[in-house]
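*Asks:* Turn this into a model:
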Amino acid sequence: MDCDNTSLLKAPLSCKDMVTGMTHSPSQNQSDEELIDIEDDDFDLLEDDIRIGERDEIPFIDFSDRAQYLAIKSMDFTLVVKVLGCRVGYNTLHNRIYNIWKPSHPIKLIDIENDYFLVKFSCKQDYLKVQSDGPWTIFGHYLTVEPWFIEFCPTQSHPSRIMVWVRLPGLPITCYKWSMIEAIGNRIGSVVKVDYQTDNGRRGRFAHMAVNINLRKPLVSKININGRTQIVEYEALSTVCFECGIYGHVKDICSTLVAPVTENNVHSETLHSSTSKQDVVTKSSPVPNEAFGPWMMVKNVNGVPKRNL
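*Replies:* Residues are numbered from 1 along each chain as shown. Next up is the predicted model:
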């Protein structure tokens, strides 16, 4: 792990912060906020904390439960972040998260492998605010944000869960109730928030909400609401397979398409060809026949919150 690239970030006190009370001067909030020292999170190892030797001619070193506990404890208020589907350099990410998060206390950005970064917060309030105020986007790509956990492995291509913006275009106006939109959204994933304008009935073009989804499972592309099929659209998601509906690869290399050629397969292809004309979606069709397709992806993301840069 390369942790040489680190930096401390301080955000100025904005007018919004002063009005909402999100931040205070150190003298005002010292007793209310839980702060940790991110400059020096090291600790001293005692003689009993290390055990060394050889196993099968391979040198080993074991750390005591105390040392492991202190090491894990030092990761409090730490987030794992990654720009999904786009490689962003350290300095660029450093500047972007400063602009969109505006932390009230110092934070430290640490560059690790596979385009993942750790962000250590000195203030618990900043740490929680970043998680609750998403989803965040950078250059039109989601900035995935999740608390560090001991099983985290940076070799995985992307996190398993992410908060995304979804739309329900053409949703009947009778469903524009917060409770109903939340119930519908919970069939897609776990609803985190409903867009403010949608919540207040000011936007009638589509229902707009932030939902936690599992990227290891097929995306929900349609929902049947009282016998009517409702399309689900996703903002700023790239590299989605329109064969299996799972994020991270495209249809041409989808493993579900790899099958041995048999007489049954040829017969199935013949039947598919003979009925393909019936399955074609015309421009007048309100709902596509296929399970997944480009229509799931929002191309022109208008109305995305200003925090997304």
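
*Asks:* how far away is D65 from M180?
*Replies:* For D65, the distance to M180 (CB to CB, to the nearest Å) stands at 50 Å. All C-beta atoms are positioned from the backbone trio N, CA, C, and that covers glycine.

*Asks:* Comparing those two, which residue is more hemmed in?
*Replies:* Neighbour count, other CB atoms under 10 Å: between D65 and M180, M180 has more, with 15 against 8.

*Asks:* Quick check: the more buried one is in a helix.
*Replies:* Yes - the assignment for M180 is a helix, going by DSSP: H, G, I helix; E, B strand; the rest coil.

*Asks:* Check it and give its pLDDT.
*Replies:* With respect to pLDDT, M180 scores 92.

*Asks:* from here on, count from 6
*Replies:* In the new count, where the first residue is 6, that last one comes out as M185.

*Asks:* Now do the same contact list for it.
*Replies:* Not one residue lies near M185 by CB atoms under 8 Å, 6 or more residues apart in numbering.

*Asks:* And for the closest residue to R233 other than its chain neighbours, the neighbour number?
*Replies:* Closest residue in space to R233, ignoring its immediate chain neighbours: P177 at 7.5 Å, by CB to CB, 6 or more residues apart in numbering. P177: 12 surrounding residues under other CB under 10 Å.

*Asks:* Does P177 touch A212 like I think?
*Replies:* No - assessed by CB atoms under 8 Å, P177 is found out of contact with A212, at 10.0 Å.

*Asks:* Excluding sequence neighbours, find me the nearest residue to F65.
*Replies:* In space, F65 is closest to G58, 5.9 Å off (CB to CB, 6+ apart).

*Asks:* Which of the helices or strands spans Q73?
*Replies:* Per DSSP states H and E: Q73 is located in helix 70-78.

*Asks:* which strands and helices sit next to that helix?
*Replies:* Based on contacts counted as 3 or more CB pairs under 8 Å, 6 or more residues apart in numbering; DSSP states H and E, there is no element that helix 70-78 packs against.

*Asks:* can you list contacts of it?
*Replies:* Helix 70-78 is contacted from outside by 48, 50-51, 54-55, 68, 155, using CB under 8 Å, 6+ apart.

*Asks:* burial count for the residue nearest to F144 when sequence neighbours are not counted?
*Replies:* Setting aside the residues directly before and after it, F144 is nearest to C91 in space (CB to CB, 6+ apart), at 6.0 Å. Residues within reach of C91, counting by other CB under 10 Å, total 14.

*Asks:* need the contact list for C91.
*Replies:* So C91 contacts 143-144, 146 (CB under 8 Å, 6+ apart).

*Asks:* Go through the residues you listed and give me the one with the most neighbours.
*Replies:* Among the contacts of C91, I143 has the most neighbours (other CB under 10 Å), with 21 neighbours.

*Asks:* care to break the chain down by domain?
*Replies:* Domain assignment of the chain by automatic domain parsing yields the ranges 13-46+54-152, 166-265+293-303.

*Asks:* Quick check: mean pLDDT of the first one?
*Replies:* For domain 13-46+54-152, the mean pLDDT works out to 82.
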